[in-house]
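Visitor: sequence first, predicted model second:
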Amino acid sequence: MYRHVLCVYPYRSELGRRNGYYPPLGLEVIASALRPHFRAIDVIDLRHETGNAVDFLRPDTDLVCFSVNWDREAAFVHEQIRSIPPGIRTIVGGRHVTQNPEPWLSRFPNIDIIVRGDGEEVIEEILGDRPLEDIAGISYRAADPGPARLPPTDRTPIQGRLVHNPVRQYGPARDDLYPDRGLRRYSYTFDQGGLKGESFDTVISSRGCPFNCTFCSFSRNPWGGKRAWSARSPESVVDEIEKIDANVIAFVDDNFTHDMDRVAAICDLLVARGIRKRYGVNARVEIARRPDVLRKMERAGFSMLLLGIESAQDKTLRSMRKGFNTRQLRELFRVLGKSPMLLFGYFIVGNIGETEEEMLQIAPFARELGLDIIQLTTLRNERYSGLEQLVASNPGYHVAPNGLVFSDRYSSDHLRRIRARIHRKFYGPGQALQILRKTMANGGPPLQVIARVPRFLVGEALGHRRRKKARWERKRLAALPQQGCSYAGQP
C-alpha cells in the first residue's frame, strides 16, 4: 500500500474558458484505478485553483500523475511538471505526450515514465511492481546497462537510455472502471446558452470508432493503428449515471450510437429506474434509420444529437469517406427533423478543393436539413489521420506548424472571414426562436432561455455594427500608402 498520490490536470484555461466545464475525465479514471493502491488521493484541476501543482505535495507523496492532452499553455504545463522534485516518482500521460514521448523524457529529467494511450491498465501493472520492460505502452528512461525496475522503495530517478516499449493492444471496455466522483473537489457547470449554470458531467460508455474518415484520428490507437469499437454494458453505464448528481450529462464517446440495440437498452434502463436527466451524444446521421430508438431516447431524456456533417459538397464527402452524400443526408434529416432533440451539426471550412462559394453553401444547406445549431471549424491535420497525404497530393495546400490546413488561395484569415459570413447567414431571430422552442420542449429552464434570447439578438445586432466598422477601417487602411512586408498566403 502506497501513501499519497497527486493527480494533476495542468491547465489554467482550456479552450478559452477560465473555468472549463468539462471535468478531466481521463485523469479521474486513472485516479479510480489508483485508489486500491493508495491511502490518500488528491485530484487537482488547476483551472479551479490559484496555486500550482507543487503546492499540493505532501511529505508522504509517493507519486504524481499529470494528464497532458493539449499543446495549449505549454509554458505553464512545463512549469508544473518541472516543479516536482526528482525524488518523487512522476508519470505523465495524455493524448499530447502520447504522440511524441521522446522530447518529454529528454527535456524533463524528473519524468520517470510516459504512458502512451489509455493508462488505467498500465498504471495497475506499474504499481504491481512488474518490470518496466514487460509493460506494453510505456516509454521510460532506463538504467544502462540492465533492465529498469520501479520497486516501491526506490525513489531515485533513473538516468540512462530512452526506451519505448511495444504498442499496447487494448482489450474490451471495462464495466468495473469509471470515475469515482467521491474524489472530486469541484462542481462543474455548463455555461452555454439557456443552460448557463446547470450542473454538468461527462460519461464515456464506449471507445473507438469503426469508421475511417480521412480527417479524424480518434479511431486510431496512439501509434496510428485502427482501434476497434468497444463498449461497456448498458447496466454498467446506467449504474454510473445513477450515481451522478449533475442534471446535464454529455456522453464523450466517439460514436455513442454505433450499436443501436445497446442504445435502446440504456434508454429502457434509464426509464425503468426513473432517472431524469438531460443527455447529449455524438451520433452518426444513420441513427435516423432507427426511429424506434429515437423515440426511446426522447423519452429517456436525450436532448441533443451532435452530428458530423462536415461539408455541403458531395465531392468533399467522398474524399472524406464519410459514407453518405447530400441526397442521403436530406433523406435522413426528414426523420431527424421530426425529433424534438436539438440537432447540432459540425462543418469544416477550408476543405480541400472547395471554393469560397461552395463553403458559403453550408448555411443554406444546414437550414434545409433543419439543424438548430452549427459549429464551424477549420481543417486541421492530426497525426495518423491520413490528411497529410491528401494535402501533399493537392498543390497549393499547406499544413501550418499548428496543424491548420490553408492554401495559396485561402489563408487562415480569409477562412475566418468566410466562417463569419456563414454564421451571419445561418443565425438570426428565426433560428434563435427555433432553439428556444426546442430547448423548452426538452425540459430546459424556460426563464433562463427566454432571458437570453433578447441578449442573443442584441449581440447579433452589435456584432453586425462591429463588423461594419471593421470593414470600413480595413478599407481606410487599404487606401493608405503601403509599406513593409506582404504576408499574402501565410497562415
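Guide: Received it, and whenever you're ready, just let me know what you need.
Visitor: list of residues touching stretch 391-401?
Guide: Applying CB atoms under 8 Å, 6 or more residues apart in numbering, the external contacts of stretch 391-401 come out as 352, 353, 381, 388, 405, 406, 407, 408, 409, 412, 491. Placement of C-beta: from N, CA and C, glycine included.
Visitor: run the chain-centre distance for that stretch.
Guide: Taking CA atoms, centre = their mean, to the nearest Å, one finds stretch 391-401 lying 25 Å from the centre of the chain it belongs to.
Visitor: output that stretch as PDB - backbone C-alpha positions only.
Guide: Taking Å, rounded to 0.1, in the frame of the first residue of the first chain, the C-alpha atoms of stretch 391-401 are listed here in PDB:
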ATOM      1  CA  VAL A 391      -2.600  17.800 -48.600                       C
ATOM      2  CA  ALA A 392       0.600  16.600 -50.200                       C
ATOM      3  CA  SER A 393      -1.300  15.400 -53.300                       C
ATOM      4  CA  ASN A 394      -3.000  18.700 -53.800                       C
ATOM      5  CA  PRO A 395      -0.700  21.500 -55.000                       C
ATOM      6  CA  GLY A 396      -1.200  24.800 -53.300                       C
ATOM      7  CA  TYR A 397      -2.300  23.400 -49.900                       C
ATOM      8  CA  HIS A 398      -0.100  23.500 -46.900                       C
ATOM      9  CA  VAL A 399      -0.100  22.400 -43.200                       C
ATOM     10  CA  ALA A 400       0.900  25.200 -40.700                       C
ATOM     11  CA  PRO A 401       3.100  24.300 -37.700                       C
END
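Visitor: and residue 307, which of the three is it?
Guide: Put simply, residue 307 is strand when judged by DSSP: H, G, I helix; E, B strand; the rest coil.
Visitor: give me the beta-bridge partners of it?
Guide: Using DSSP bridges, the bridge partners assigned to residue 307 are residue 283, residue 345.
Visitor: over to residue 64?
Guide: residue 6, residue 90.
Visitor: pretty sure it contacts residue 6?
Guide: Yes. With contacts counted by CB atoms under 8 Å, residue 64 reaches residue 6, the gap being 4.7 Å.
Visitor: show me which of these two is the more surrounded one.
Guide: Ranked by neighbour count (other CB atoms under 10 Å), residue 64 and residue 6 place residue 64 first, with 29 against 23.
Visitor: test for you: state the pLDDT assigned to that one.
Guide: pLDDT for residue 64: 98.
Visitor: separation between it and residue 187?
Guide: Distance, residue 64 to residue 187, using CB to CB, to the nearest Å: 24 Å.
Visitor: and this structure, what are its domains?
Guide: 2-164, 187-458 (automatic domain parsing).
Visitor: near residue 433, how many other residues are there?
Guide: Around residue 433 there are 12 residues (other CB under 10 Å).
Visitor: actually residue 110, not the one I typed
Guide: Using other CB under 10 Å, residue 110 has 17 neighbouring residues.
Visitor: let me see the contact set for it.
Guide: Contacts of residue 110 by CB under 8 Å, 6+ apart are 81, 82, 84, 85, 86, 88, 90, 157.
Visitor: circling back: select, out of the domains of the chain, the one closest to residue 175.
Guide: domain 187-458 (3.7 Å; CB to CB).
Visitor: need the domains of the chain in CSV (columns: distance to residue 173).
Guide: CSV is the format used below for those (distance: least, CB to CB, whole Å):
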stretch, distance to residue 173
domain 2-164, 10
domain 187-458, 4
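Visitor: on that earlier part again, pull out the buried residues from the contacts of stretch 391-401.
Guide: Neighbour-count burial (16 or more other CB atoms under 10 Å) is assigned, among these, to 352, 381, 405, 406, 407, 412, 491.
Visitor: can you tell me which one of those carries the smallest pLDDT value?
Guide: residue 491 (33).
Visitor: could you find the closest non-adjacent residue to residue 364?
Guide: residue 425 (7.3 Å; CB to CB, 6 or more residues apart in numbering).
Visitor: for that neighbour, what are its contacts?
Guide: 360, 363, 364.
Visitor: reduced to three states, what does it come out as?
Guide: Relying on three-state DSSP, one would call residue 425 helix.
Visitor: quick revisit: tell me the one of the buried ones among the contacts of stretch 391-401 nearest residue 255?
Guide: Closest approach to residue 255 among these (CB to CB): residue 381, at 21.5 Å.
Visitor: shouldn't the closest one be in contact with residue 405?
Guide: Yes. Assessed by CB under 8 Å, residue 381 is found in contact with residue 405 at 5.9 Å.
Visitor: name the residues contacting each of the two.
Guide: With contacts taken as CB under 8 Å, 6+ apart, the residues that reach both residue 381 and residue 405 are 387, 391, 399.
Visitor: so which of the residues you listed sit within helices?
Guide: Cross-referencing the shared contacts of residue 381 and residue 405 against helices under DSSP state H gives 387, 391.
Visitor: out of the shared contacts of residue 381 and residue 405, which is most surrounded?
Guide: residue 387 (24 neighbours).
Visitor: that residue and residue 116, how far apart?
Guide: Distance from residue 387 to residue 116, by CB to CB: 22 Å.
Visitor: got it, and residue 352?
Guide: Taking CB to CB, one finds residue 352 at 30 Å from residue 116.
Visitor: where does pLDDT dip in the stretch 1-150 of the chain?
Guide: Applying pLDDT under 70 to the stretch 1-150 of the chain flags the ranges 14-20, 144-150.
Visitor: and the strands in it?
Guide: Ranges of strands within the stretch 1-150 of the chain are 2-9, 38-45, 61-67, 89-93, 113-115, 138-142, based on DSSP state E, counting those that start in this stretch.
Visitor: kindly report the same for the stretch 301-450 of the chain.
Guide: Taking DSSP E, counting those that start in this stretch as the criterion, the stretch 301-450 of the chain carries its strands at 302-310, 342-349, 373-378, 397-399, 405-407.
Visitor: now do the residue nearest the centre of the chain against residue 319, distance only.
Guide: For the chain, residue 252 is the residue whose C-alpha lies nearest the centre (CA atoms, centre = their mean; 7.5 Å). Distance of residue 252 to residue 319, computed by CB to CB: 27 Å.
Visitor: and if you look at residue 60?
Guide: 56 Å.
Visitor: with residue 176 instead?
Guide: Counting by CB to CB - residue 176 and residue 319 are separated by 42 Å.
Visitor: what about the two, which has more around it?
Guide: When residue 176 and residue 319 are compared on other CB under 10 Å, the one with more neighbours turns out to be residue 319, at 17 against 7.
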